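**Q** this one's structure only:
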């Protein structure tokens, strides 16, 4: 049997972060072989992982990493069970260590198979730390983004990480892309533009939203309160030129019926037409990044903000990961 010294135990602890007794027991079981001792700890992680597979791992840290020329970025979450572990310096440092190699991956699977230390992969390290910490540890989400210019943003409590990609690396690309990444973190868009919605999604969502409003209006009517507007549409994708033209005709017919002089219609119609568009594009403001109100200036949309900086600049992509 090998003579296990305190120095040996410390060396294994420095290598793995495991507790002193766990390291000593692993070295004893491995007869002093460090590689075998790491395997022992990993097997312990497998057992812990199996026992805690159904546990909620909604705590942890969200990380972001960009390459040197800002043309690629990745964001991911390293998840655990408790806030206590999430705020532990060793856990946060582990996430930072993983971030350093994350830029080489394009998918979660590639990331898990990326080498972290020697032949030790990210997946191996996660398993090892599951045994060390005694909680369910996992990579929750992983996203990569490539564009002519990419910037990232991490929310203050490390619960959200986001990225935005621009069409050009212009003078103030860093500020613009970071502002857009901050928008993505705060407002959680799901698509870049209303043009990205499928007809099937819009048809189903339109029916669901109208049904919900009509149900609310039954109760509001019973209480004698003002009823909610029931839209015909919910997205610009449903407003081709012929729909807009008909809405304009309807507005003009309404003005004529009200006896408004035709010579003042051009001062009234644009505002009413914009109200029609606003009332019938509610999902765009919620889910389409470019159509959302810009969080730093509610008088602008994200798209008009970007164009105000540079008329030729475009947002070409975004990614977001979060713990919850």
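**A** Now that the structure is in, tell me what you want to look at. The model shown is predicted, which means the values in this text are computed figures rather than measured ones.
**Q** Would you mind giving the domain segments of the chain?
**A** As assigned by automatic domain parsing, the chain contains the domains 6-51, 59-190, 195-296.
**Q** Out of these, which is the most enclosed?
**A** domain 59-190 (a mean of 19; mean count of other C-beta atoms under 10 Å). All C-beta atoms are positioned from the backbone trio N, CA, C, and that covers glycine.
**Q** Now the terminal residues of that one, how far apart.
**A** One end of domain 59-190 to the other measures 23 Å (C-alpha to C-alpha, to the nearest Å).
**Q** so for that domain, what's the average pLDDT?
**A** For domain 59-190, mean pLDDT rounds to 94.
**Q** what about the nearest residue to residue 184 once chain neighbours are set aside, is that helix, strand or coil?
**A** Nearest residue to residue 184 in three dimensions, chain neighbours excluded: residue 162, at 4.2 Å (C-beta to C-beta, 6 or more residues apart in numbering). Recorded secondary structure, residue 162: strand (DSSP: H, G, I helix; E, B strand; the rest coil).
**Q** I figured residue 162 hits residue 188, correct?
**A** No: if you go by C-beta atoms under 8 Å, residue 162 and residue 188 don't touch, sitting 9.3 Å apart.
**Q** Give me the common contacts of the two.
**A** Taking C-beta atoms under 8 Å, 6 or more residues apart in numbering as the criterion, residue 162 and residue 188 both touch residue 320.
**Q** who touches residue 185 in this structure?
**A** With contact set as C-beta under 8 Å, 6+ apart, residue 185 has these partners: 153, 155, 160-162, 320.
**Q** again with residue 102
**A** Taking C-beta under 8 Å, 6+ apart, we find residue 102 in contact with 63, 65, 74, 76, 111, 114, 142.
**Q** Which members of the residues you listed are positioned in helices?
**A** Residues of the contacts of residue 102 located in helices (DSSP state H): residue 111.
**Q** Which pair of the contacts of residue 102 spans the longest distance?
**A** Distances among these were taken as C-beta to C-beta; the most separated pair is 63 and 114, at 13.7 Å.
**Q** Kindly reformat the domains of the chain as a markdown table containing distance to residue 307.
**A** Output for these, formatted as a markdown table (distance: least, C-beta to C-beta, whole Å):
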| stretch | distance to residue 307 |
| --- | --- |
| domain 6-51 | 49 |
| domain 59-190 | 11 |
| domain 195-296 | 10 |
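**Q** which residues of the chain fall in helices?
**A** Remark: helices assigned in the chain by DSSP H are 6-16, 20-29, 34-51, 83-86, 89-102, 108-112, 122-133, 173-187, 199-222, 241-257, 265-279, 282-287, 302-309.
**Q** May I see the ones you listed organised as JSON lines, with distance to residue 315 added?
**A** Shown next, in JSON lines, are the helices of the chain (distance: least, C-beta to C-beta, whole Å):
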{"stretch": "helix 6-16", "distance to residue 315": "43"}
{"stretch": "helix 20-29", "distance to residue 315": "48"}
{"stretch": "helix 34-51", "distance to residue 315": "39"}
{"stretch": "helix 83-86", "distance to residue 315": "31"}
{"stretch": "helix 89-102", "distance to residue 315": "23"}
{"stretch": "helix 108-112", "distance to residue 315": "24"}
{"stretch": "helix 122-133", "distance to residue 315": "30"}
{"stretch": "helix 173-187", "distance to residue 315": "6"}
{"stretch": "helix 199-222", "distance to residue 315": "21"}
{"stretch": "helix 241-257", "distance to residue 315": "25"}
{"stretch": "helix 265-279", "distance to residue 315": "21"}
{"stretch": "helix 282-287", "distance to residue 315": "15"}
{"stretch": "helix 302-309", "distance to residue 315": "6"}
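**Q** To residue 231, which of those helices lies closest?
**A** Of all those, it is helix 265-279 that lies closest to residue 231, at 5.5 Å by C-beta to C-beta.
**Q** Packing partners of that closest one?
**A** With contacts taken as 3 or more C-beta pairs under 8 Å, 6 or more residues apart in numbering; DSSP states H and E, helix 265-279 sits against helix 241-257.
**Q** now for the helix it packs on, which elements pack on it?
**A** If you count contacts as 3+ C-beta pairs under 8 Å, 6+ apart, helix 241-257 packs onto helix 265-279.
**Q** Without its sequence neighbours, what residue ends up closest to residue 190?
**A** That would be residue 287: by C-beta to C-beta, 6+ apart, it lies 4.6 Å from residue 190.
**Q** pretty sure the one you found contacts residue 192?
**A** No: the pair residue 287 / residue 192 is not scored as a contact, 10.1 Å apart, by C-beta under 8 Å.
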